[in-house]
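Novice: task: produce atomic coordinates for the following.
(2 chains)
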Amino acid sequence: MTRYLVRRLLQIVPKLVGIGVVSFSLIHLAPGDPIVALAGEYGDAAYYAFMRAKFGLDRPLGEQLLIYLGNVLRGDWGISYTHGRPVAQVILSRLPATLLLMATALALSSTLGVALGMWAARRPHSGSDLAIRVLCLVGYALPVFWSAQMLILLLALQVPLFPVQGMTTARYRYQGLEYVWDVARHMVLPVAAMTLHQLALITRLTRTNLLETLAADFVRTAYAKGLSEWRVLHGHALRNALLPVITVIGGRVGFMFTGAVLTETVFAWPGIGRLLVSATLNRDFPLLMGLFTLVSAAVLVSNLVTDLVYAWLDPRIRYG
Amino acid sequence: MSYVEVAQVRSAVHRLHRRLGSARVSGIFWLGLGILALFGGLALAAPWIAPHDPRAFVGPPLAPPSPGHPLGTNDVGQDILSELIFGARISLGVGLLAGGLAVALATLVGAVAGYRGGTVDAVLMRWVDAMLVLPRLPLMIVVAAYVGTGLPVVILLIALLGWPAPARVIRAQALAIRRRAHIQSARLFGAGLGYIVRRHLVPELSPLIVAIFVGQAGRAVMLEAGLAFLGLGDPTAKSWGLMIRYALDSGGFFFTHRWVWWLLPPGLGLTLLLLGFALLGMGLEPWTHPLTRRHG
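Specialist: From the prediction side, this is the model:
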C-alpha cells in the first residue's frame, strides 16, 4: 500500500505542472498584450506595473513560465482588482459556501442513490423498479439551471415554502442555532437541484452493477450454502457491486462543480461558482485563473483520493 | 424483384441482424430515435412551420398567448413559438456538430493508441490523462473570456474538451480487437494496415462509435445550454439555453404568469431533447456491452 501511495502521489506532480502550463499558454495565446490577459482590461498603470513585475513579463518566455508556475502553484495569484484584495483571500472567503453545497449534495446523492439502486435491483422489472428508472431518466435529462429555476417558481413563489435566493436572510442577523436553521432553509432548493442529476446517475449505476453481480457464480454459491438474502446482499454482492460506483462518485467532482456554477448563479448563492461567472463578466483575469487552478487541483486531488479508497477496498489494484 | 434480388436483400438484413447481435432493438431505442427525429424534423422544417420570422418584431412586447402568437411574444415583441422552433436548429446543430467532432477525435486517438501500442500508446494516453483533469465548464469559461464566443468557438471547445474520455474506451476496444485470432491470422496472411482498418477495425468499432456519438451529442447540447444560460455563449445564436437566459433577464416572473409560456417551453424542449439522447444511448447499450447482450 505504501509503495502504491508514493507512486500515486508522485504522479500528481506532473499533472499539477500541466495545469499550470495550460493556463500559462492560454494567457499567451490570447490576442493582444499578455499583461491584459493576465491582469484584465480595466486596471490602472500602477496595477499593470505591479502585475508585470510580479509575473516577470519582461523576462524571456522560459523564465516567465517558471515564475508563473512558481506563483500559481504556491497559490499566489496576484490581486483581484474588482475586489481589491489578493485573489487567494477572495476565493477563500467564498469557498465554504460552495463546499457546503457540494458536500451536502454529494452525500445525499450517494446514499440515496445507492439505496434506490439496491431497491430497484432487488426486484428487476417490477413496478418500483420501473418508477425508479423513469425517475433516473428524467433526473438525468433535466438541465440543472432550468430545474433550479422551476424549483424557485414552484416551491418559493407559487407555494412559498422556501426562500427564493441567497444563503441567509439579509434583514436579520441571526446568531447560533437560528443562523444554522436559516442557512439550512436557504440550502434546501439549491441542494435539491444539484442532487437530482447526480442521484439519477448513481442510482442507475448501482442498479446495473448490482444486477450484474447478482448473476455471478459466487452469489449462486452463497445462496447454495444457505445464506439468507440479507447476508448474500450485504456480505457478498454489495461490496463487489459498489466498487465501480465509488470510482464514479469520486470522479464526478469536476461535473459537480459545473452544477455548482449553474446552481449558484440561479440562487445567487455566495460561492466560488458564482464568483467564476462574475470574474468572467468583469474580465477579472487574475481571479479567473486562480479559480481555474484551484478547481483543476481539486479535481486532481479528488481523483487521487478515489483511487486510494479503491485500492484500499480492492487488493487487486494495490498489487496489480 | 427477382428471386436473386430478394435473396440479396434477405442476406443484407440477416447480416445487419448479426452485426447487432441477437440484441432485440428495444422500445427505448425507438422512443429515443423518435424524439430526436421529431426535433430533427422541426429544425429542418423551421422556416415552413414557424408562424413568424423569429428575428422580426411582429407584435406588442410581452403579449400573452393569442391565436396569432400561440406562446405570446417576448420583451421586444418577437414571436416566442417561432423562436422556439428556430432554437431547435441551434441546440440540435451544436449537439450534432460538437458530438461528431468529439467522436472523430476520440476514434482517431483511441484507435491509433490501441492498435499501435508501445510508445505511441503511452504518449497519447498520458495526454488523455492530462486532459481529463481539466474541468470542462470552468475551462470553457476561461477560454470564452479570452477568445470570445462565436458559435463555432463554442462547438470547437465542446468537442476539444469532450474527446479524451471516450478515446480511452475506444483504445481499450481497439486493443482487444488487435489481439483477436482472426486479426492475427489476417496479419499473418499479409494483410496491410489499411486493409485491417477498413475491413475489421472500423466495422468492429462502429457500434461503439455510434453509442459514443449519441452520448457526446447529448452532453454538447447540455453544455451549450449551460454556457448560454450563464450569458457566456454566442449572444446572437438564440438556442433554448439563451431563450431561458433572456426570459429570466426580462424579470417579471415574480408577479405574472409569463413564465408559463416563456420559460416553460424552452426548458421542456431541452429536457425532451436530452431525454431523446439518453433513451437512444440506453437503447444502444446492448450493442456496446456484449455482456448485457448475453444476459439481456
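Novice: what residues does the stretch 151-300 of chain A put near chain B?
Specialist: The stretch 151-300 of chain A comes close to chain B at residues A:153, A:157, A:212, A:215, A:254-255, A:257-258, A:261-262, A:265, A:276-277, A:280-281, A:283, A:285, A:288-289, A:291-292, A:295-296, A:299-300, as judged by Cβ under 8 Å from any Cβ of the partner chain. C-beta coordinates here come from the backbone N, C-alpha and C atoms, glycine included.
Novice: could you redo the last one with a cut-off of 7 Å?
Specialist: Contacts of the stretch 151-300 of chain A with chain B, taken as Cβ under 7 Å from any Cβ of the partner chain, map to A:153, A:157, A:215, A:254, A:257-258, A:261-262, A:265, A:276-277, A:280-281, A:283, A:288, A:291-292, A:295-296, A:299-300.
Novice: give the PyMOL command for selecting the buried subset of those residues.
Specialist: Selection command for PyMOL covering only the buried members of these, criterion 16 or more other Cβ atoms under 10 Å in any protein chain shown:
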select buried, chain A and resi 153+254+257+258+261+262+265+276+277+280+283+288+291+292+295+296+299+300
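Novice: what about the stretch 151-296 of chain B, any weak spots by pLDDT?
Specialist: Filtered on pLDDT under 70, the stretch 151-296 of chain B yields the residue ranges B:253-254, B:287-296.
Novice: can you show me the helices along it?
Specialist: B:151-162, B:164-179, B:181-188, B:193-196, B:202-229, B:240-249, B:259-262, B:264-288, B:290-295 (DSSP state H, counting those that start in this stretch).
Novice: ok, A:Arg3 - how many residues close by?
Specialist: Neighbour count of A:Arg3, defined by other Cβ atoms under 10 Å in any protein chain shown: 9.
Novice: now swap in A:Gly176 and tell me
Specialist: Look at A:Gly176: counted by other Cβ under 10 Å, it has 7 neighbours.
Novice: residues in contact with the residue nearest the centre of chain B?
Specialist: Centroid check for chain B by Cα atoms, centre = their mean gives B:Ala217 as the closest residue, at 1.3 Å. Residues near B:Ala217 by Cβ atoms under 7 Å, 6 or more residues apart in numbering or on different chains: B:95-96, B:99, B:277.
Novice: let's go with 10 Å and repeat that
Specialist: B:36, B:92, B:94-100, B:102-103, B:158, B:162, B:273-274, B:276-277, B:280-281 (Cβ atoms under 10 Å, 6 or more residues apart in numbering or on different chains).
Novice: which residue packs closest to it, ignoring adjacent ones?
Specialist: Computed as Cβ to Cβ, 6 or more residues apart in numbering or on different chains, the closest residue to B:Ala217 that is not its neighbour in sequence is B:Gly99, at 3.0 Å.
Novice: the one you found: which element?
Specialist: helix B:80-116 (DSSP states H and E).
Novice: ok now that helix, how far from the chain's centre?
Specialist: Helix B:80-116 sits 5 Å away from the centroid of its parent chain (Cα atoms, centre = their mean, to the nearest Å).
Novice: with stretch A:85-96 instead?
Specialist: On Cα atoms, centre = their mean, the centre of stretch A:85-96 falls 18 Å from that of its chain.
Novice: please apply the same query to stretch A:219-232.
Specialist: 38 Å.
Novice: go on, stretch A:190-202?
Specialist: 12 Å.
Novice: what of stretch B:196-211?
Specialist: 19 Å.
Novice: stretch B:117-137 now?
Specialist: Relative to the chain's own centre, stretch B:117-137 is displaced by 23 Å; criterion: Cα atoms, centre = their mean.
Novice: then stretch B:156-174?
Specialist: Counting by Cα atoms, centre = their mean, stretch B:156-174 comes out at 13 Å from the chain centroid.
Novice: kindly report the same for stretch B:36-45.
Specialist: So, by Cα atoms, centre = their mean, the centroid of stretch B:36-45 is 14 Å from its chain's centroid.
Novice: repeat for stretch A:131-142
Specialist: Going by Cα atoms, centre = their mean, where stretch A:131-142 is centred and where its chain is centred differ by 21 Å.
Novice: what's the neighbour count on residue 220?
Specialist: You didn't say which chain, so I picked chain A. 12.
Novice: nope, chain B
Specialist: 30.
Novice: that one contacts B:Ile158, correct?
Specialist: Yes - contact criterion Cβ atoms under 10 Å: B:Ala220 and B:Ile158 qualify, at 4.7 Å.
Novice: what's near enough to touch the nearest residue to B:Ala237 once chain neighbours are set aside?
Specialist: Using Cβ to Cβ, 6+ apart and skipping residues adjacent in sequence, the residue nearest B:Ala237 is B:Leu151, 4.6 Å away. Contacts here follow Cβ under 10 Å, 6+ apart; on that basis B:Leu151 touches B:90, B:93-94, B:97, B:224, B:233-234, B:236-237, B:239.
Novice: from these, pick the one nearest chain A.
Specialist: Chain A has its nearest neighbour among those in B:Glu224, at 10.4 Å by Cβ to the nearest Cβ.
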